[in-house]
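Chemist: Need coordinates for the below:
(chains A and B)
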2 protein chains.
Amino acid sequence: MKAYGVTNSNLDSMIEFDKQMETPQGRDILVKILGVSINPVDIATRKKVQETKEPKILGYDGYGIVEALGPEASKFDVGEKVFFAGDYTRDGSYQEYEIIDERIVARAPKETSVEKSVAMPLVTLTASELLYEKLHINPAMDNRDKTILIINGAGGVGSIAIQLAHLAGLKVIATASTDEKVKWVKDLGADLVVNHHQDLIKQVHDLGIENVDYIIGLSDNDPHWQEIVELIKPLGIFATITNLRESQVADLKQKSVDFAWEWMFTKAKFKLAAMSTQGEYLEKLADGLDKGTIDSTVTKVFHGFNLDNLKRATKLVEAGHMMGKVVVKA
Amino acid sequence: MKAYGVTNSNLDSMIEFDKQMETPQGRDILVKILGVSINPVDIATRKKVQETKEPKILGYDGYGIVEALGPEASKFDVGEKVFFAGDYTRDGSYQEYEIIDERIVARAPKETSVEKSVAMPLVTLTASELLYEKLHINPAMDNRDKTILIINGAGGVGSIAIQLAHLAGLKVIATASTDEKVKWVKDLGADLVVNHHQDLIKQVHDLGIENVDYIIGLSDNDPHWQEIVELIKPLGIFATITNLRESQVADLKQKSVDFAWEWMFTKAKFKLAAMSTQGEYLEKLADGLDKGTIDSTVTKVFHGFNLDNLKRATKLVEAGHMMGKVVVKA
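Modeler: Residues are numbered from 1 along each chain as shown, chains lettered A, B, ... in the order given. Below is the predicted model:
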């Protein structure tokens, strides 16, 4: 079967090669891939690849048809359409057939296209874990008295985090830096928008808001650190998927603020029982996409699942100016 | 009235001086002090005092009799005995009469001595907020499948955190460094004890425990950082009251572990509605002390609320070898 992999940290090293088909074991299933989406983590992972003869298969978001079941797999039938966000410790979705644990997989939406569906798993799992597990927001409760600031609202995770926070009833402040992105985040449900290239403290205060209950950091945190420390409410929570380098968490102590890391791949990497929650989040996502309560954030689709399109799609994401998600479809 | 204050960072600068009595305003009450206890925060705060003519009145834990009520105070009657852990932004308990917001005060235990009672508020509030708010432990749930590691179990906060974690049903691993302290933490409810002067990872693994759900850091965290990073479970929580200097929170990212700060004074400093939870925690403490479900950890009492005893008690705590709490009683 065909697979696409890199042999070093350069995109140029991506090649098509022939890979031996495997037979699924345990709770694994074999999925024929019909579409993938490109995430920043694909690029960050490639940049860490050491020169190797065995090509590293990137790609996490996947959509496809179940082709075979491991002896303990019971969640799906052969022929069903599924989608998933993958497992960082295994070969990714840039291949014709992928082996994946059924617990982190869900049935694909019934009424929603491949491209709209496959754009969403990784960003939705990340946003769901951020909101429900890290910020401890219960979407079934009345959250109207809570305010969240989402730094980099127009990015992949931001675009779904805005929707989920809005659905949970919070007041959502998103950051966005161009008129086009301001419109985008408002359409997704942001109540208020501020520009992360200008003083966030002044802008939030000018909105009549002194402090926010929650902040999500979806871009480099160091440049915004003093703003985060100032704007977060005492006993609030700051959660992030990116980094903290020069800045000191000690700055959060007087306010007894929590600093929470979210990495979507933790559950599968450590084979935690909690990995099944990812299948459950994806079931809710499929339902939300079909019902129209959640909008897919796909903005660019390449038709044809091949080396050339994977490279072109990656270049587009790597340039860093994309709003929404980029998909490659069979 | 008599008050005791320091005019610089040295204990020698502590003097007795005459302070004007104040009339309580709003929800404040005036309390005649019958006993105080010495906490490490008293010493840390004194060390930051800049040369000043107006003596800084330290001391947070207090026990006394309500002498007067502010116009909006309704929780207590004049003549009732109360105890509290204080407010960092106001004059402390090293004075004959103290003004304090009634919301962070509770009725003193009925059957328990002044010295046993006043040893407990600050450490109990800190431990309660650590366990129930930062680690999100619900003591009414079945927590038998959860394990907590308490670094520096024999100290003030550790000695009550062990008791509260044990009462909540968790498996408690405490660290202690001498035979006397090992016995102390076991008597308080520690299931297992390890020595923080030796390799914590090896000792915990030798107990047949791979990872722990929660870690509480109650001593300098940097020397134990790699042990904390290794021993904490993926999706676990590390909560601390001390510091993090050279060490990087980024080390917790792969496991999606939360880093949570606890500072007991946050609620009162920022005048949060949540400050009333401190009065509620202290009511439960009073009840627990009277019923014998919670043991006071007082180990040394100075009789006579005067300058000499405050200095002697402080020296004892400052030497850093105390197990349990030191109290000065009228």
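Chemist: Residue numbers of chain A in contact with chain B?
Modeler: With the criterion set to Cβ under 8 Å from any Cβ of the partner chain, chain A comes near chain B through A:129, A:133-134, A:136, A:234-235, A:243-245, A:248-250, A:252-263, A:266-267, A:269-270, A:272, A:274. C-betas here are computed from N, CA, C, even on glycine.
Chemist: Just the buried subset of the residues you listed, please.
Modeler: A:129, A:133-134, A:234-235, A:243-244, A:249, A:252-263, A:266-267, A:269-270, A:274 (16 or more other Cβ atoms under 10 Å in any protein chain shown).
Chemist: Excluding chain neighbours, what is closest to A:Lys171?
Modeler: Closest residue to A:Lys171 apart from its sequence neighbours, by Cβ to Cβ, 6 or more residues apart in numbering or on different chains: A:Thr147 at 4.4 Å.
Chemist: what ranges do the helices span in chain A?
Modeler: Secondary structure of chain A by DSSP state H: the helices cover A:40-46, A:114-118, A:121-128, A:156-167, A:179-188, A:200-206, A:225-231, A:266-269, A:276-291, A:307-318.
Chemist: need these in TSV with mean pLDDT, can you?
Modeler: Shown next, in TSV, are the helices of chain A (pLDDT from 0 to 100):
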stretch	mean pLDDT
helix A:40-46	96
helix A:114-118	98
helix A:121-128	98
helix A:156-167	97
helix A:179-188	96
helix A:200-206	98
helix A:225-231	98
helix A:266-269	98
helix A:276-291	98
helix A:307-318	97
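Chemist: Look up which residues are beta-bridged to the closest residue to A:Lys19 other than its chain neighbours.
Modeler: Leaving out its chain neighbours, the residue that sits closest to A:Lys19 by Cβ to Cβ, 6+ apart is A:Ala3, at 4.0 Å. Beta-bridge pairing of A:Ala3 under DSSP bridges involves A:Phe17, A:Gln95.
Chemist: isn't A:Ala3 right up against A:Asp18?
Modeler: Yes: using Cβ atoms under 8 Å, A:Ala3 is in contact with A:Asp18, at 7.5 Å.
Chemist: neighbour-wise, which of these two wins?
Modeler: Using other Cβ atoms under 10 Å in any protein chain shown as the criterion, A:Ala3 and A:Asp18 rank with A:Ala3 on top: 19 against 7.
Chemist: Relative to chain B, how far out is that one?
Modeler: Using Cβ to the nearest Cβ, to the nearest Å, we find A:Ala3 at a distance of 26 Å from chain B.
Chemist: That residue: what's it in contact with?
Modeler: Counting by Cβ atoms under 8 Å, 6 or more residues apart in numbering or on different chains, A:Ala3 touches A:Glu16, A:Phe17, A:Asp18, A:Lys19, A:Pro55, A:Ile57, A:Asp91, A:Tyr94, A:Gln95, A:Glu96.
Chemist: Could I get these in CSV, plus columns for pLDDT and distance to A:Val326?
Modeler: Shown next, in CSV, are the contacts of A:Ala3 (pLDDT from 0 to 100; distance: Cβ to Cβ, whole Å):
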residue, pLDDT, distance to A:Val326
A:Glu16, 98, 20
A:Phe17, 98, 23
A:Asp18, 98, 26
A:Lys19, 97, 24
A:Pro55, 97, 22
A:Ile57, 98, 18
A:Asp91, 97, 21
A:Tyr94, 98, 13
A:Gln95, 98, 18
A:Glu96, 98, 20
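Chemist: how about the helices of chain A, which one is nearest B:Glu318?
Modeler: Nearest to B:Glu318 among the helices of chain A is helix A:225-231 (31.2 Å), distances taken as Cβ to Cβ.
Chemist: if I pick the spatially most central residue of chain A, what's in contact with it?
Modeler: Nearest residue to the geometric centre of chain A (Cα atoms, centre = their mean): A:Val123, 1.9 Å. Residues counted as contacts of A:Val123 (Cβ under 8 Å, 6+ apart) are A:Asn39, A:Gly156, A:Val157, A:Ser159, A:Ile160, A:Thr297, A:Lys325.
Chemist: just checking, the first one touches A:Val157?
Modeler: When you say that, I think you mean A:Asn39. No: applying Cβ under 8 Å, one finds A:Asn39 not in contact with A:Val157, separated by 9.0 Å.
Chemist: Distance check, the residue nearest to A:Lys171 against A:Tyr214.
Modeler: According to Cβ to Cβ, to the nearest Å, A:Thr147 stands 7 Å off from A:Tyr214.
Chemist: Show me the common contact partners of these two, please.
Modeler: Shared contacts of A:Thr147 and A:Tyr214, defined by Cβ under 8 Å, 6+ apart, comprise A:Leu170.
Chemist: In the stretch 101-250 of chain A, which residue sits nearest chain B?
Modeler: The stretch 101-250 of chain A approaches chain B most closely through A:Pro234 (4.2 Å), counting by Cβ to the nearest Cβ.
Chemist: For that residue, give me the pLDDT.
Modeler: A:Pro234 is assigned 98 on the pLDDT scale.
Chemist: Next step: the residues of chain A next to chain B restricted to strands.
Modeler: By the criterion of DSSP state E, membership of the residues of chain A next to chain B in strands covers A:Pro234, A:Leu235, A:Asp258, A:Phe259, A:Ala260, A:Trp261.
Chemist: Identify the residue nearest the last one in space, chain neighbours excluded?
Modeler: On the basis of Cβ to Cβ, 6+ apart, the spatially nearest residue to A:Trp261 that is not a chain neighbour turns out to be B:Lys253, at 4.5 Å.
Chemist: What residues sit buried inside stretch A:29-41?
Modeler: For stretch A:29-41, the neighbour count (16+ other Cβ under 10 Å) marks A:Ile29, A:Leu30, A:Val31, A:Ile33, A:Leu34, A:Gly35, A:Val36, A:Ser37, A:Ile38, A:Asn39, A:Pro40, A:Val41 as buried.
Chemist: Restricting to C-alpha, output it in PDB.
Modeler: The C-alpha trace of stretch A:29-41 is given here as PDB (Å, rounded to 0.1, in the frame of the first residue of the first chain):
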ATOM      1  CA  ILE A  29      -9.100  -1.500  13.700                       C
ATOM      2  CA  LEU A  30      -7.800  -1.100  10.100                       C
ATOM      3  CA  VAL A  31      -9.200   2.000   8.400                       C
ATOM      4  CA  LYS A  32      -8.900   2.800   4.600                       C
ATOM      5  CA  ILE A  33      -8.200   6.600   4.600                       C
ATOM      6  CA  LEU A  34     -10.500   8.900   2.600                       C
ATOM      7  CA  GLY A  35      -9.300  12.200   3.900                       C
ATOM      8  CA  VAL A  36      -6.800  13.800   6.400                       C
ATOM      9  CA  SER A  37      -6.400  17.300   7.700                       C
ATOM     10  CA  ILE A  38      -3.200  19.200   8.400                       C
ATOM     11  CA  ASN A  39      -2.500  20.400  11.900                       C
ATOM     12  CA  PRO A  40       0.400  22.500  13.200                       C
ATOM     13  CA  VAL A  41       1.500  19.500  15.300                       C
END
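Chemist: what lines up beside the longest strand seen in chain A in the sheet?
Modeler: Under DSSP E, the strand in chain A containing the largest number of residues is strand A:28-38. Partner strands and pairing direction for strand A:28-38 (DSSP bridges) are strand A:62-69 (antiparallel), strand A:97-101 (antiparallel), strand A:325-329 (antiparallel).
Chemist: I'd like the mean pLDDT over it, please.
Modeler: Across strand A:28-38, the average pLDDT comes to 98.
Chemist: and the gap between A:His224 and A:Leu167?
Modeler: 25 Å.
Chemist: which one of these two has more residues nearby?
Modeler: A:His224 (20 against 15).
Chemist: Please list all residues in contact with the most far-flung residue of chain A relative to its centre.
Modeler: The outermost residue of chain A, judged against the average C-alpha position, is A:Gln254 (31.9 Å), by Cα atoms, centre = their mean. The neighbours of A:Gln254, taking Cβ under 8 Å, 6+ apart as the test, are B:Trp263, B:Thr266, B:Lys269.
Chemist: Please apply the same query to A:Leu272.
Modeler: Contacts for A:Leu272 were tallied using Cβ under 8 Å, 6+ apart; they are A:Thr266, B:Pro234, B:Leu235.
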